[in-house]
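Visitor: Structure for this input, please:
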Amino acid sequence: MYYLLSLLALTDLGLCVSTLPTTMGILWFNSHHIYFGACQIQMFCIHSFSFMESSVLLIMSFDRFVAICHPLRYSVIITGQRVVRAGLIVIFRGPVATIPIVLLLKAFPYCGSVVLSHSFCLHQEVIQLACTDTTFNNLCGLMVVVFTVMLDLVLIALSYGLILHTVAGLASQEDQHRAFQTCTVHLCAGLVFFVPMMGLSLVHHFGNHAPPAFHLLMANVYLFVPPMLNPIIYSVRTKEIRHAIIKFLGLKKASSESWG
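Guide: Okay, the predicted model is just below:
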């Protein structure tokens, strides 16, 4: 669990840091320009960390599936070595999936108004600034999303479908409640990440007539809300982290019990 939480924290941190150079440049130095190469690098980092976070949530859903559906075999199936291997796959999967769609953008000519509506570069917005046919690149980007985020989302839903089936077969309501509590944290983290991502995608594809402020709001929610809420979600609901925070703050152990 701690390996996975550490990996989730690193992806959240990377997602935030990827947007800082241009955002801070606008706020501190009133710099509203970015070179195309720098835009590509930022785009690569943002989408890579997004795909990595999706992969981490998938691994965490499998961890919950094994913990609830095969509790006696958990220590045999979920070993530290396997988690490390899965973590390495996650680290390489995001960049490998992002490289093609970012490199293909360099071949397009850009003319007219090349103004971004956000303080950072996103593939779905930059590609709209090209003054040529971008059908292939759009299809390539769609395939990457389907075989990364959408596939992860389907597998996560399948994992929780099997979990619900197992929980429904438990005779004791106390056991059912305990099983649901085990999944609550991960479900919250998944919703916080996937809902804004799908909302941003829908806005870019079908919200051409939506106000620019709405596009800006959705992009900021997608990039900043999950990294902000995930530490709060896991700190409040994970007993070990909660106790460590209380101990660090010098509060009495008794007060930790009042958290629930």
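Visitor: measure the residue nearest the centre of the chain to H177 for me?
Guide: The residue lying closest to the centre of the chain (CA atoms, centre = their mean) is E53, at 3.8 Å. As for E53, its distance to H177 is 29 Å (criterion: CB to CB, to the nearest Å). (Glycine included, C-beta is placed from N, CA and C.)
Visitor: again with Q40
Guide: As for Q40, its distance to H177 is 49 Å (criterion: CB to CB).
Visitor: Those two: which is more packed in?
Guide: Per other CB atoms under 10 Å, whichever of Q40 and H177 has more neighbours is Q40, with 18 against 12.
Visitor: Contact partners for the more buried one?
Guide: V102, L103, L105, K106, C121 (CB atoms under 8 Å, 6 or more residues apart in numbering).
Visitor: T22 versus the fourth one, what's the distance?
Guide: Okay, so that is K106. Distance, K106 to T22, using CB to CB: 19 Å.
Visitor: Have a look at these two and say which one is more surrounded.
Guide: Using other CB under 10 Å as the criterion, K106 and T22 rank with T22 on top: 21 against 9.
Visitor: From the contact counts, what lies against the helix or strand hosting the more buried one?
Guide: Remark: T22 resides in helix 2-29, with elements defined by DSSP states H and E. Applying 3 or more CB pairs under 8 Å, 6 or more residues apart in numbering; DSSP states H and E, we find helix 2-29 packed against helix 36-69, helix 80-103, helix 212-237.
Visitor: Which positions in the last one come out as buried?
Guide: With burial defined by 16 or more other CB atoms under 10 Å, the residues of helix 212-237 counted as buried are 215, 218-223, 226-227, 229-230, 233-234, 237.
Visitor: Who are the packing partners of the helix or strand following it?
Guide: Proceeding N to C from helix 212-237, the next assigned helix or strand is helix 239-248, under DSSP H and E. Under the contact criterion of 3+ CB pairs under 8 Å, 6+ apart, helix 239-248 touches helix 212-237, helix 253-257.
Visitor: Pick out the shakiest of the ones you listed, pLDDT-wise.
Guide: Ranked by mean pLDDT, the helices and strands packed on helix 239-248 end with helix 253-257 at the bottom, a mean of 47.
Visitor: Low-confidence bits of this structure, can you list those?
Guide: Low-confidence segments of the chain, defined by pLDDT under 70: 112-113, 170-171, 204-210, 237-238, 251-260.
Visitor: try 50
Guide: Where the chain drops to pLDDT under 50, the residues are 253-260.
Visitor: sorry, back to before: in JSON lines, list the contacts of Q40 along with distance to L139.
Guide: Shown next, in JSON lines, are the contacts of Q40 (distance: CB to CB, whole Å):
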{"residue": "V102", "distance to L139": "15"}
{"residue": "L103", "distance to L139": "15"}
{"residue": "L105", "distance to L139": "14"}
{"residue": "K106", "distance to L139": "18"}
{"residue": "C121", "distance to L139": "21"}
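Visitor: Just the buried residues of those.
Guide: Buried members of the contacts of Q40, scored by 16+ other CB under 10 Å, are V102, L105, C121.
Visitor: quick one: which of the residues you listed is nearest to H32?
Guide: For the buried ones among the contacts of Q40, the residue nearest H32 by CB to CB is C121; the value is 13.2 Å.
Visitor: what's the closest one sitting at in phi/psi?
Guide: phi -100, psi 130 (degrees, to the nearest 10).
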